[in-house]
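# okay, here's the prediction I keep looking at, along with the sequence it came from:
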Amino acid sequence: MQEYLNLFIRSIFIENMIFAYFLGMCSYLAVSKTVKTAVGLGAAVIFVLAITVPINFLMDQYLLKPGALAWLDPAFGDESGSQFIDLSFLSFIMFIAVIASMVQLVEMIVEKFAPALYGALGIFLPLIAVNCAILGGSLFMQQKSFEGVGQALTYGLGSGIGWFLAILAIAAIREKIAYSNVPAPLKGLGITFIITGLMAIGFMSFMGIKL
């Protein structure tokens with residue numbers, strides 16, 4: 001249990017997709033003008049990451065990685081044999097296919113039950129499919145070599161929550177600074193980049209936490 005909790009906290013704060021790796025910056029900057037749209041997109045990212053990371057983990061374990069098809073036939077997993085199968089070159093394509101499917105599902109749900117939010121998010125909702133934070137979650141999962149689908153789910157959920165907290169925080173700040181006396185050259189994205197950099201420096205302090 002402690003291992004899952006450590007992984008969950010690490011994925012939110014220490015390995016935050018925005019402040020540690022700067023992944024998903026396009027949506028982060030474009031949709032963070034109001035808290036309402038930030039919450040909607042952040043919730044969608046949490047859902048997509050929590051679903052796609054464990055699905056892609058299972059796909060990687062039982063289909064894509066070298067010798068993964070040994071459960072079908074032991075010969076497929078024997079590296080010295082002529083029937084050895086390595087489908088790892090399909091990882092990017094298969095991961096993106098799963099992500100695109102989940103994003104399409106989210107888009108249909110939001111359009112059905114929250115048309116106002118759907119209109120506010122605009123093109124950035126379907127663009128979750130090519131959001132580098134979403135694909136990054138699956139690629140980091142592959143790199144970390146998790147032992148089970150539970151760890152993949154925990155990491156996906158934590159990464160989504162971390163991205164949600166980042167866009168929610170910057171949206172709240174941008175709503176406030178709209179009434180501040182910001183120098184003209186820095187208005188808009190200029191001051192947003194500066195604040196994001198300062199927030200990233202603040203999140204670096206979490207790296208000192210021993211889990």
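Nice, I can see it.

# could you use CA atoms for every contact and neighbour count after this?
Fine.

# tell me how many other residues surround Lys65.
Lys65 has 19 neighbours, counted by other Cα atoms under 10 Å.

# should've said Leu186
12.

# same question, the one 10 residues further on
With neighbours defined by other Cα under 10 Å, the count for Thr196 comes to 19.

# alpha carbons of the lowest-mean-pLDDT helix or strand in the chain, as PDB, please.
Least confident element among the helices and strands of the chain, by mean pLDDT, DSSP states H and E: helix 115-121 (a mean of 84). This file holds the C-alpha atoms of helix 115-121, laid out as PDB (Å, rounded to 0.1, in the frame of the first residue of the first chain):
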ATOM      1  CA  PRO A 115     -22.600  21.500 -24.300                       C
ATOM      2  CA  ALA A 116     -21.500  24.900 -22.900                       C
ATOM      3  CA  LEU A 117     -18.200  23.500 -21.700                       C
ATOM      4  CA  TYR A 118     -17.800  21.700 -25.000                       C
ATOM      5  CA  GLY A 119     -18.100  25.000 -26.800                       C
ATOM      6  CA  ALA A 120     -15.700  26.700 -24.400                       C
ATOM      7  CA  LEU A 121     -13.000  24.100 -24.800                       C
END
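
# what residues does stretch 45-65 touch?
68-69, 71, 86-91, 95, 98-99, 102-103, 106, 128, 134, 137-138, 141-142, 149-150, 152-157, 159-161, 163-164 (Cα atoms under 8 Å, 6 or more residues apart in numbering).

# and what of stretch 9-17?
By Cα under 8 Å, 6+ apart, stretch 9-17 touches 20-21, 23-24, 133, 155, 158-163, 203-204, 206-207.

# check the gap between the closest residue to Val103 other than its chain neighbours and Arg174 for me.
Residue nearest to Val103 in three dimensions, not counting chain neighbours: Ala129, with 5.9 Å by Cα to Cα, 6 or more residues apart in numbering. Computed as Cα to Cα, to the nearest Å, the Ala129 to Arg174 distance reads 26 Å.

# likewise for Met207?
Met207 is 26 Å from Arg174, where distance means Cα to Cα.

# for the biggest helix by length in the chain, packing partners?
Using DSSP state H to assign secondary structure, the helix with the most residues in the chain is helix 149-177. Judged by 3 or more Cα pairs under 8 Å, 6 or more residues apart in numbering; DSSP states H and E, the packing partners of helix 149-177 are helix 2-9, helix 35-59, helix 132-144, helix 189-203.

# alright, that wraps it up for me.
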